[in-house]
Each structure stands twice: as structure tokens, then as C-alpha cells.
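In: sequence and computational prediction follow.
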Amino acid sequence: MAAYKQTTVTLLVRRLNSPHGRIAAMLRNTGSNPVQGSKTLSMSKIILEFDGVEESQEAKLAMDAMNWKLVVWDIDQKLRQTTKYGVSILHNDKVASDIEIEIAEKYREEIGQIIHKYSLNLDI
């Protein structure tokens with residue numbers, strides 16, 4: 001039974017963190033094992049509360065946080081294609097020039113420094 005719990009948690013985390021699926025989901029703990037019908041998985045909740053129109057911008061920002069992270073991740077991956085594989089950003093499916101690769105490397109560095117400055121990471 002313990003092995004099932006570990007597998008379930010790992011699968012849920014992998015599924016929610018999938019960068020390709022762009023999953024925006026809310027986990028609800030039913031407290032039951034879908035196969036055996038017994039309690040196996042316990043997850044904590046974080047509840048954010050916003051009051052009225054005054055805090056609507058803060059609420060929208062909180063709800064869009066993962067989307068902003070994915071935007072930065074996508075930009076970084078596009079730059080990585082240039083630095084690692086030499087794919088041109090300017091001319092799709094062509095080889096990047098040396099200057100284009102150098103600029104992509106510099107922007108990846110800058111993105112990394114900004115992310116570090118705010119104690120964030122792009123691990124999804």
C-alpha cells in the first residue's frame with residue numbers, strides 16, 4: 001500500500017508540473033484511493049482570498065502567476081534552441097549566426113540573473 005501512495009503523489013506532481021500540457025488545475029483531495037477505495041493521499045491546501053473590486057487586480061495577478069512563469073520558460077526554451085542547437089530565431093528552421101547565438105546566450109544569462117534576484121526558478 002505504501003508504494004501506491006508514493007506513485008500516486010509522483011504522478012500527480014508530474015502531471016501538474018508538465019510544461020507541455022500547460023495544466024492549470026486545482027487538486028481536490030477526495031481522500032480515497034480510486035482503485036481500492038481507501039484513504040491514501042493527503043494534500044495541503046492554500047486558500048487565497050480577495051475582497052471586492054479593490055483587490056481584483058491582485059486576484060488576477062495571483063491567478064495568472066503560472067501563466068507568467070510559462071511565458072518566461074517558453075522564451076528561455078526558444079533562446080536555448082538557438083544556443084544549444086543553433087536554430088535561428090530570426091529565420092525559422094535555418095542555422096543561427098554567431099552573433100545571434102551570442103545574443104541568445106546573453107539574454108539567457110540575463111533571464112537567469114533576474115530569476116535568481118527574485119529567488120525564483122523555472123523548474124516546472
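Out: Arrived safely.

In: look up how far Asn67 lies from Glu102.
Out: 30 Å (CB to CB, to the nearest Å). All C-beta spots, glycine's among them, are computed from the backbone N, C-alpha and C.

In: neighbour-wise, which of those two wins?
Out: A direct count of neighbours by other CB atoms under 10 Å for Glu102 and Asn67 places Glu102 higher, at 13 against 10.

In: what helix or strand does the more buried one sit in?
Out: helix 98-117 (DSSP states H and E).

In: quick one: average pLDDT of that helix?
Out: What helix 98-117 shows for mean pLDDT is 97.

In: buried residues of that helix, list them for me.
Out: Using 16 or more other CB atoms under 10 Å as the burial criterion, the residues of helix 98-117 that qualify are Glu100, Ile101, Ile103, Ala104, Tyr107, Arg108, Ile111.

In: which helices and strands sit right next to it?
Out: With contacts taken as 3 or more CB pairs under 8 Å, 6 or more residues apart in numbering; DSSP states H and E, helix 98-117 sits against helix 56-85.

In: low-confidence regions, the chain specifically.
Out: By pLDDT under 70, the weakly predicted segments of the chain are 1-42, 124.

In: 50 - rerun?
Out: The chain contains residues with pLDDT under 50 at 1-38.

In: okay, now the domains of it?
Out: Segmentation of the chain into domains, based on automatic domain parsing, reads 1-47, 53-117.

In: just the closest of the buried residues of helix 98-117 to Ala62, please.
Out: Distance to Ala62, by CB to CB, is smallest for Ile111 among these, at 22.5 Å.
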